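Student: Return a 3D structure for these sequence lines:
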Amino acid sequence: MANIHTLDPSASPLDYYGWELRRQREAACLKQGQLGDIIFCTGSLIGQIETTKKVPTRDFSERVDAALCTGGMFSRLIGLVLRSQLPAWFQPYADMEAKAAFISTYQSQVVYGLLQTEEYARAVLATGMPDDLENQVAARMERQRILKREHPPLAWAILDEAVLHRPIGGRDVMRRQLLHLLEFADHRWMRIQVLPFAAGEHASLAGSFTTMRFESDPDIVYTEDVISGHMTASPDTVREAALRYAHLQATALPVEESAALITRVMEECYGDRPRLEKRAVA
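Tutor: Here you go, the predicted model:
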């Protein structure tokens, strides 16, 4: 097992987290097992996190902050740690996504990442056969926290109707994913439209894309291929993407009719007609 004193705290967010956890624990005169008893985990887990053998969770971080009276330091640090677990090619996009004031996305194959349930995300990410699946799932769930900020980005997602019918993860996982989408029906900052099969040919038959707008930085267009992602601030590309998105919005069902279609798919495919109370979601 690696010695914690050999860790370079500047090497990565995970290294810094482990180094700082060891420092804070020793400052409190606690052994690993003693801290584990306080926060309801094993001393072995504490040791694994201190030596970067295990990636901490947000829940773990919050309990450590409470136990060691660190003023929320680990709860703030965990966001950087989990983001560092994303694929290297995806991290620049995640960084820009977290800064965006307005996000608009068209998704032709799967539910948009910020709208995925944990079990749906796990099924999607597993198709890439990663060695660190659970870390990637945790990182994707961490990304969704931007929607819960005091001032989240305004986001608009257009989903191809095929997304609703593709049973990612199996029937139960897909049913719960569709129900989760309906929970955004009256969300204050997120709008969901469905591009129906009846639309036929449309402005983005070539595939999915996302545009991001910022308070002071240039707009960005993001696309993905099989193994990587691509961002560009080219004015010509940004204008072309904006034009295509406007056509998609005009062709897609209105927000209310989109929710009705999602409900109909749930009923027809899963025999489940949800009854959601209308409410204002922050």
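Student: show me the contacts for the residue nearest to Ser84 when sequence neighbours are not counted.
Tutor: Closest residue to Ser84 apart from its sequence neighbours, by Cβ to Cβ, 6 or more residues apart in numbering: Pro13 at 4.7 Å. C-beta here means a position set from N, CA and C on the backbone, and glycine is covered the same way. Residues counted as contacts of Pro13 (Cβ atoms under 8 Å, 6 or more residues apart in numbering) are 77, 80-81, 83-84.
Student: Restrict the residues you listed to the buried ones and give me that as a PyMOL selection.
Tutor: The PyMOL command for the buried members of the contacts of Pro13 (criterion: 16 or more other Cβ atoms under 10 Å) is given here:
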select buried, resi 77+81+83+84
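Student: could the contacts of Pro13 go into CSV alongside distance to Asp236?
Tutor: Shown next, in CSV, are these (distance: Cβ to Cβ, whole Å):
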residue, distance to Asp236
Leu77, 40
Leu80, 34
Val81, 38
Arg83, 30
Ser84, 33
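Student: Just the contacts of Pro13: which are in strands?
Tutor: Applying DSSP state E to these, no entry is found in strands.
Student: can you give me the helices in the chain?
Tutor: Along the chain, counting by DSSP state H, helices occupy 13-27, 32-39, 43-50, 58-68, 73-83, 91-99, 118-126, 133-143, 161-165, 171-182, 235-251, 255-270.
Student: Of these, which is nearest Phe214?
Tutor: For the helices of the chain, proximity to Phe214 was assessed by Cβ to Cβ; helix 91-99 is nearest, at 6.2 Å.
Student: so for the closest one, what's the average pLDDT?
Tutor: Averaged across helix 91-99, pLDDT comes to 94.
Student: Determine how far that helix lies from the middle of the whole chain.
Tutor: Distance, stretch centre to chain centre, for helix 91-99: 11 Å (Cα atoms, centre = their mean, to the nearest Å).
Student: buried sites along that helix?
Tutor: By 16+ other Cβ under 10 Å, the buried positions in helix 91-99 come out as 93-94, 96-97.
Student: What is the nearest of those to Leu154?
Tutor: Distances from Leu154 to those, taken by Cβ to Cβ, are shortest for Glu97, at 13.1 Å.
Student: so who does the closest one touch?
Tutor: 103, 143, 146, 212.
Student: can you tell me which of the residues you listed are in strands?
Tutor: 103, 212.
Student: Kindly reformat the contacts of Glu97 as JSON lines and extend each row with neighbour count, distance to Trp156 and pLDDT.
Tutor: JSON lines is the format used below for the contacts of Glu97 (neighbours: other Cβ atoms under 10 Å; distance: Cβ to Cβ, whole Å; pLDDT from 0 to 100):
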{"residue": "Ile103", "neighbour count": "24", "distance to Trp156": "7", "pLDDT": "98"}
{"residue": "Arg143", "neighbour count": "21", "distance to Trp156": "17", "pLDDT": "95"}
{"residue": "Ile146", "neighbour count": "19", "distance to Trp156": "15", "pLDDT": "94"}
{"residue": "Met212", "neighbour count": "25", "distance to Trp156": "11", "pLDDT": "98"}
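Student: Out of the contacts of Glu97, which is nearest to Val221?
Tutor: Nearest to Val221 out of those is Met212 (Cβ to Cβ; 8.1 Å).
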